[in-house]
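1. Any chance you can model this:
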Amino acid sequence: SLLQEILNASSQLPSVPLQLLVYVNGVYYSFYFVATLAMIMYKSQAFSYPDDFLAPDLTLLFIMAILEALRLYLGSKGNLTEEEAPLGLSLAVTVGSVLLSLYFLVWQTYVLRADVLLNALLLCTYGLESVLKVMAIAALVS
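-> Residues are numbered from 1 along each chain as shown. Below is the predicted model of the structure:
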């Protein structure tokens, strides 16, 4: 079955499913960043967006982009070089990315349905990628 093939492939080093998911996450995050930036701009025009809330929302989005670039780089590097340290660091950075995604899902000034969809999908990919990273680290350590 396809699931069995994926599980068998994930035991190979470097992990092909992990590398594929890191790539897909990079593409998706690019879309996520542009869409979220556009929505913040839209919300600042369409709603009475308090000026002292606009700058923090934008700042957090740009911090998230920096963390995401670091997270994806470390995940890819750790996977391709078969080193636990970059994979572990990537997992640690994922925690910050998850918290920022939760901010944009729950706590930002205005949350639209599109925000919910974009962040829910992002959190799902973080979860799946984290599981594959843990599996890769376990395979490297053993």
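
2. and the closest residue to V24 other than its chain neighbours, how far is that from V98?
-> Counting by Cβ to Cβ, 6 or more residues apart in numbering, the nearest residue to V24 once its immediate chain neighbours are dropped is T125, at 7.3 Å. The way it works is simple: take the backbone N, C-alpha and C, and place the C-beta from them, glycine included. Distance of T125 to V98, computed by Cβ to Cβ, to the nearest Å: 11 Å.

3. all helices of this structure, in order?
-> 2-10, 16-46, 51-81, 84-102, 113-141 (DSSP state H).

4. Present those helices as TSV; the columns should include mean pLDDT and mean neighbour count.
-> Converted to TSV, those look like this (pLDDT from 0 to 100; neighbours: other Cβ atoms under 10 Å):
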stretch	mean pLDDT	mean neighbour count
helix 2-10	59	10
helix 16-46	96	16
helix 51-81	95	17
helix 84-102	97	17
helix 113-141	96	16
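
5. The residue sitting nearest the centre point of the chain: what's it in contact with?
-> The centroid of the chain falls nearest to Y126 when counting by Cα atoms, centre = their mean (5.0 Å). With contacts defined as Cβ atoms under 8 Å, 6 or more residues apart in numbering, Y126 is in contact with 25, 94, 97-98, 101.
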